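Undergrad: Curious how this folds, go ahead:
(one chain, ligands or ions: 3)
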Amino acid sequence: MVSIVVGGHYGDEGKGKVVSYLALKDDPTYIGRAGVGPNAGHTVVHDGKKYGLRMISCGFVNPKSHILIGAGVLVDIKRFMEEVQMTGVGGRITIDKRCPIIEQAHKDADKDANSKKIGTTGSGCGPANAARVNRTAKLARDFPELKGYLGDVPTLVNDAIDRKEEVLIEASQGFGLSLYYGNYPYVTSKDTSASTAAADLGVGPTRVDDVYVIYKAYMSRVGEDPFVHYLSDEEIAGSPVFAGLLKKAEEKGLQGTGNQKIAQVLGEVGTVTGRPRKIGSFDYELARYSARVNGATQICITCLDKLFPECAGAREYDKLTNEAKEHVKVIEEKVGVKATIISTGPDVYDVVDLRD
Ligand code: GTP
Ligand code: IMP
Ligand code: MG
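TA: Numbers count the residues shown, from 1 in each chain. Ligands and ions are numbered 1, 2, ... in the order given. Sure thing, here's the model as predicted:
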């Protein structure tokens, strides 16, 4: 079985959390990182430890799984080495020999006026992908320090599929950030849909069984674009849930606009950039469209506990409050796909798993 996990909104939906849960639950032979590169910041909390990962899949938490980085993904060597140390996966990780390498010049170029206008992460991804298209980028195989980690990822993955083993693919960013389908030009440097994630690892479309599209129970956005679902003061006042969060923020003496106060209560600060994220109400239309383009077979809703604190840590459907159940039901109905994984806390196992 091949399963792909992708973001259905603007990134930071909690793909890292969902992937780490699926990794432990489904015991994949291979867990592959797809997506753009180290512009992503995926977070996993396991055994009381919090990991912020930009290169290595959050699926590393399963010590039996072998970790991959697909040829589609840009590699920052320094960051990669740091994460190998942090996670201890040195003996069970393979980078495709064709991964392009991000160099200092790419990072420098990612601070120019256009990058500022878009509000990029500054990680060098856009300029490195441009160099790849120009066929001037260096590849992983050109760097002796990576020698012990290199391999042919498509062969490994397709052999495992032939043996009927589990393969889990972790994409990065979200549908609204797709170079093809997102809010251009405020997008990342590549398509972010499931088809591209499969191609990143060298998996053909006929071999994919499941696509999990992840949404947060509300929306967050980093970057400089106009964000249509941005919560204004009036909308906050008109929503019992958001008005409650604002009240909590004010009791804590948090500073900023109403939206920024809510962002702080929700803990919405960028993993890579440290910037406060903009908060929005759930965009059903984008969610439905992204489920279609991704070919969603199941959807996952994360951070339900942040809107409905009584649900924190729930692992059974019946432990969710009626309001929370209703929120999930409306999303399912409007998106048209069943919600099978509901996340109720940052810990790997804070999940209501409704899969068959
Ligand atoms: P990108 O690839 O950067 O788009 O990231 P991502 O989709 O992996 O999400 P990221 O880790 O950046 O952000 C999600 C944040 O929410 C992290 O801090 C997680 O620990 C946290 N989180 C995920 N699921 C839940 C949940 O259900 N409840 C709570 N309280 N926190 C959660
Ligand atoms: P870049 O990918 O660094 O070029 O940034 C382009 C746009 O995508 C900017 O709006 C970034 O904030 C956004 N972006 C890139 N990666 C992520 C991510 O992992 N989470 C959320 N936003 C992201
Ligand atoms: Mg993130």
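
Undergrad: for the longest helix along the chain, packing partners?
TA: When the chain is parsed with DSSP state H, its longest helix is helix 322-335. Here helix 322-335 touches helix 284-294, strand 298-302, helix 304-307, strand 339-343, going by 3 or more Cβ pairs under 8 Å, 6 or more residues apart in numbering; DSSP states H and E. In this view, the C-beta of every residue, glycine as well, is placed from N, C-alpha and C.

Undergrad: and the spatially closest residue to T297 that is not a sequence neighbour, what is it in contact with?
TA: Closest residue to T297 apart from its sequence neighbours, by Cβ to Cβ, 6 or more residues apart in numbering: D210 at 4.8 Å. Neighbour list for D210: 1-4, 297-298 [criterion: Cβ atoms under 8 Å, 6 or more residues apart in numbering].

Undergrad: and if you look at V213?
TA: 6-8, 175, 194, 290-291, 294, 296, 298-300, 337.

Undergrad: Which one of these sits in the busiest neighbourhood?
TA: V6 (32 neighbours; other Cβ atoms under 10 Å).

Undergrad: nearest residue to that one other than its sequence neighbours?
TA: Spatial nearest neighbour of V6, excluding adjacent residues (Cβ to Cβ, 6+ apart): A171 at 4.3 Å.

Undergrad: of all the residues in the stretch 1-150 of the chain, which ones are close to ligand 2?
TA: Residues of the stretch 1-150 of the chain found near ligand 2 (Cβ under 6 Å from any ligand atom) are 11-12, 36, 39-41, 118-121, 123, 125-126.

Undergrad: one more time with 5 Å
TA: 11-12, 39-40, 119-121, 125-126 (Cβ under 5 Å from any ligand atom).

Undergrad: among these, which ones are buried?
TA: Buried residues within these, counting neighbours by 16 or more other Cβ atoms under 10 Å: 11-12, 39-40, 120-121, 125-126.

Undergrad: which sections of the chain are below the confidence cut-off?
TA: 271-272 (pLDDT under 70).

Undergrad: so which helix or strand takes in the residue in it that ligand 2 sits nearest to?
TA: As assessed by Cβ to the nearest ligand atom, ligand 2 sits closest to G223 within the chain, at 2.3 Å. Using DSSP states H and E, G223 falls within no helix or strand.

Undergrad: cool, and I31?
TA: Using DSSP H and E, I31 sits in strand 30-33.

Undergrad: Pairing partners for that strand, with directions?
TA: Sheet pairing of strand 30-33 (DSSP bridges) gives strand 66-69 (parallel), strand 167-174 (parallel).

Undergrad: Only the buried residues of the last one, if you could.
TA: Spelled out, that is strand 167-174. The neighbour-count check on strand 167-174 (16+ other Cβ under 10 Å) flags 167-174 as buried.

Undergrad: Roughly how far does D350 sit from ligand 3?
TA: 18 Å (Cβ to the ion, to the nearest Å).

Undergrad: Could I get the full set of helices for the stretch 101-250 of the chain?
TA: 104-109, 113-118, 125-133, 153-162, 194-201, 233-238, 240-251 (DSSP state H, counting those that start in this stretch).

Undergrad: who in the stretch 51-200 of the chain is up against ligand 1?
TA: S172.

Undergrad: Ligand 2 contacts on the stretch 201-350 of the chain?
TA: Checking the stretch 201-350 of the chain against ligand 2 by Cβ under 5 Å from any ligand atom, the hits are 222-223.

Undergrad: give the contact list for the nearest residue to Y180 once chain neighbours are set aside.
TA: If the residues on either side of it in the chain are set aside, Y180 comes closest to D191, at 4.6 Å by Cβ to Cβ, 6+ apart. D191 makes contacts with 178-181, as judged by Cβ under 8 Å, 6+ apart.

Undergrad: same thing but 6 Å
TA: D191 makes contacts with 178-180, as judged by Cβ atoms under 6 Å, 6 or more residues apart in numbering.

Undergrad: what does G59 give?
TA: By Cβ under 6 Å, 6+ apart, the residues touching G59 are 19, 23, 31, 65, 168.

Undergrad: got the contact list for the helix or strand harbouring the first one?
TA: Element membership of V19, judged by DSSP H and E, is helix 15-26. Identification of contacts with helix 15-26 by Cβ under 6 Å, 6+ apart yields 5, 7, 31, 42-44, 58-59, 61-62, 65, 166, 168, 170, 214, 300, 343, 348, 351.

Undergrad: Kindly recompute the last result at 8 Å.
TA: 3, 5-7, 28, 31, 42-46, 53, 57-62, 65, 166, 168, 170-172, 212, 214, 300, 302, 341, 343, 346, 348-349, 351, 353.
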